[in-house]
Every structure is written in structure tokens, then in C-alpha cells.
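Student: sharing a model prediction with you, sequence too.
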2 protein chains.
Amino acid sequence: MPASPHRPSFHGTGAVAFSTKGEYGVRLMVQLGRHFGAGPASLAEIAAVEDMPRAYLEQLAFVLRDAGLVVSTRGAHGGYELARPPAAIPMSEVLRALEGPLAPMICATDEPGHDLACDRTSSCTVNLLWIRVRDAVAGALDGVTLADLVPQRIVILEAPPAAATAAPAIEGALTAS
Amino acid sequence: MPASPHRPSFHGTGAVAFSTKGEYGVRLMVQLGRHFGAGPASLAEIAAVEDMPRAYLEQLAFVLRDAGLVVSTRGAHGGYELARPPAAIPMSEVLRALEGPLAPMICATDEPGHDLACDRTSSCTVNLLWIRVRDAVAGALDGVTLADLVPQRIVILEAPPAAATAAPAIEGALTAS
DNA sequence: CTCAATCCCGACAAGATCGCTTGGGATTGA
DNA sequence: TCAATCCCAAGCGATCTTGTCGGGATTGAG
């Protein structure tokens, strides 16, 4: 396990995989949601709380700003705040801004215009599958708004009936609240 | 343009993105589905029909074989055939074999065992989101079997949310062209 | 028996992408 | 003035993808 400069393990394995852009970006939005109504919050502050690299977070903040999800205030005491109340921000919009259009396959984009960019449309029956997956993801993300993620997590650790998780050693389970 | 060594363009953009493993693998399974009941089909044959690199297809075939989805026959006149009838093969199983477990985030794997590999479980509210997405994708893929993709392009623009598959007779065995 | 067709398998190479850093600017309140 | 903050572009190493290559092992046919 060499100490690597970057995150060692990848985030999503295989098919449906959000990257750190999605992860960090969503966590940033959650923090802004907690801060909503209390003026701008600085990135340095949020980066410290969430333990994310500040410079990288900046790039994501720019993307969210360009997408009209956050507004920025420059200069001292500046920072970012939500452009809308959390309940008016569907997570589908956030993740589309961060990770691009939801397209499991090029032939199943949800972008308007090039609905079908597949040259084998005649023989391509699998197209149905990708579209179903795309709609499922879009539906799931549409059904969650930022307001659903903002409240403070109430830890519910219900152990399975049999085969209780024999994990007595959990390092650093508690983070600063 | 066609003289390119590898495929230039990536397949899925951003969040939910299947790779060529998924695409080629599914198309391979569809061909095997069309060939079902007619003995083994050789990879060279399928690679020619679907215009996919044969050597690469081999690797995917090994994975599908190890997953118990296809069986192989060695030697001359050998090849691959489905281990089960197409209606008994949910696409979720195919894609999990090809692309790995459905995990939009490491903290939302559907693999048994490491249900939670997140160290910030206390403050992590976003976990809810990833799990929703994961379940949506799993549900969509569970609702489609290989039999749904085998027939020759019958456009069904109906997405019944529950009790989807009602096809009683799977006489398949339809010899391809 | 010989031979060709086929599956089997490991290694690797080009390229793209990801995650993150660096290094500077521009703008504002105190 | 000065520090805090946003803004932005470029680049770098690690990893993953998308194949290719080269050789085996196994079998049916002639």
C-alpha cells in the first residue's frame, strides 16, 4: 500500500459509477444547503469541514456556478451560496452539471437533438435496455432534491438479525460535527 | 478516420456510463440468444456479424463463461451457447458479470459483505442518493431479460412499472438469417 | 494420424481520463 | 494598503480502457 498522492481506490466500479466530481460536488451543495440564508460561505471553510482539496473544489464550484446552481460573491468575505432554496434544486440538475448528460451509451443520450447517434439502429435491439437504465437513473435523481440531503444524518445502525457484523474495530468512526 | 487503431470516442459520458465491455458483451449475448437451440456458435462468426474485434470478444466470452451465463465447447466446430434459455437470463446478471458490481459509489455497493465502506457514515447524508440510484438501475436491469432483446426489433414504447414481463411462450430457436 | 478450427490465456501498448496541484490573476471589505 | 476570496489555465502522474499479439490446449474430420 504505497502512499499515493491521489485517492488510491476508484469510486464507482464498472457500469454506473459517479466520480469524485459528483461526490465532492454534491457534498459541496449539501454544505451550502446547510448554510442557506446565512450569507456566502467560503470554499476554504467547506474544504476544511468536508476534508476535500480546496483547489479541486474550486473547479467544481465554477461548474455549478455556470450551471446557475450557485452564485458567487467576490472579494473579502465572499464565497458561494445557493441560487435557489434547497427544495427547488433537484439532484438530477446537480449531477448533470457535474458529470455531464446521463447517457449510459452514446445511442441513449438525454440531450435534445441527437436522440439517436447509432448507425445500426435497424439491428440494434439493445438500445431499449440503455434507455430504460437512463430513465431509471433520471427518475431516481429527479425524485430527490437537495433539501432531502441537507438535514443532519441521524445514524441508524440496525444490525442484521443473524451474522451480526463482526467489526469491533472501526477506526475513526466519529468525525467532527 | 476508419484507420484508427482503437475506438476513438468513449461511450458513456459522465455519471452512468457503460463501456464497450457492456455493449459488446450484451450484443454477444443477443447473438447467442438468436442462435439458441442450434448448437454452439463460434466467436469468429459473431464477431463478423456484429463487426467487433474477435480477440477482444474472447475476453468477454471468458468472463461470461466464468459467470455461468454461457457454456463453451472446445475443438473444431466448437463455440459458445447460452447456459439457460434467454427468458431466464436477467440483464442485471449479464452486466454485473461484465462490468462489475453496480456501485455508483464505494459506499453503495450491492455486493454482500461490505455494505458500508464509508468512513464518514456519521456525517454522510448523500449516501441515500447513491443507494437510490443504485436500486433504480438494478431494478431496471432486473426487469429486462435477454429474451426481451432477442427478437428482431419490435418497438414497444410501453414502460409498465410493475409486472413487466408477461411473455409466456418463448419458442425462440428462431434461426437467424 | 494429421490437420485445421476453435477455445483458452497471459502479457502489453497506446491513448484517454481522473484527481489534483501549481501558479498566477482579479475583486472586494476592512 | 492589505488580506481574503473568487477566477482561471495549464500540466502531471496514476489508472483505466480498448484492444493486439502470440502462443497454447482440445477436438472433429479426412
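Tutor: Nice, I can see it.
Student: the residue of chain A found nearest DNA strand C in helix, strand or coil?
Tutor: In chain A, the residue that lies nearest DNA strand C is A:Gly75 (2.4 Å; C-beta to the nearest atom of the strand). In this view, the C-beta of every residue, glycine as well, is placed from N, C-alpha and C. Under DSSP: H, G, I helix; E, B strand; the rest coil, A:Gly75 falls in the coil class.
Student: A:Pro101 too?
Tutor: coil.
Student: ok, A:Ser72 next?
Tutor: Following three-state DSSP, A:Ser72 is assigned to strand.
Student: for it, name its beta-bridge partners.
Tutor: A:Tyr80 (DSSP bridges).
Student: what about it, how many residues nearby?
Tutor: For A:Ser72, the number of neighbouring residues by other C-beta atoms under 10 Å in any protein chain shown comes to 15.
Student: any idea how far it lies from B:Val126?
Tutor: Separation of A:Ser72 from B:Val126 (C-beta to C-beta, to the nearest Å): 22 Å.
Student: over to A:Leu141?
Tutor: For A:Leu141, the distance to B:Val126 - C-beta to C-beta - is 12 Å.
Student: now A:Val26
Tutor: Taken as C-beta to C-beta, the span from A:Val26 to B:Val126 is 5 Å.
Student: now do the shared contacts for those two.
Tutor: Common contacts of A:Val26 and B:Val126 (C-beta atoms under 8 Å, 6 or more residues apart in numbering or on different chains): A:Leu149.
Student: tell me which residues of the worst-scoring helix or strand of chain A on mean pLDDT come out buried.
Tutor: Ranked by mean pLDDT, DSSP states H and E, the weakest helix or strand in chain A is helix A:127-142, scoring a mean of 93. Of the residues in helix A:127-142, those with enough neighbours to count as buried (16 or more other C-beta atoms under 10 Å in any protein chain shown) are A:127-138, A:140-141.
Student: residues contacting A:Ile89?
Tutor: Per C-beta under 8 Å, 6+ apart, neighbours of A:Ile89: A:29, A:69, A:82, A:145-147.
Student: in PyMOL, how would I select the buried members of those residues?
Tutor: One line in PyMOL is enough to select the buried ones among these; burial here means 16+ other C-beta under 10 Å:
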select buried, chain A and resi 29+69+82+145+146
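Student: packing partners for whichever helix or strand comes after the least confident helix or strand of chain A?
Tutor: Next in sequence after helix A:127-142, counting helices and strands by DSSP states H and E, comes helix A:146-149. Secondary-structure packing of helix A:146-149 (3 or more C-beta pairs under 8 Å, 6 or more residues apart in numbering or on different chains; DSSP states H and E): helix A:20-34, helix A:91-99, helix B:127-142.
Student: can you list those in CSV and add distance to B:Pro104?
Tutor: Output for those, formatted as CSV (distance: least, C-beta to C-beta, whole Å):
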stretch, distance to B:Pro104
helix A:20-34, 8
helix A:91-99, 10
helix B:127-142, 5
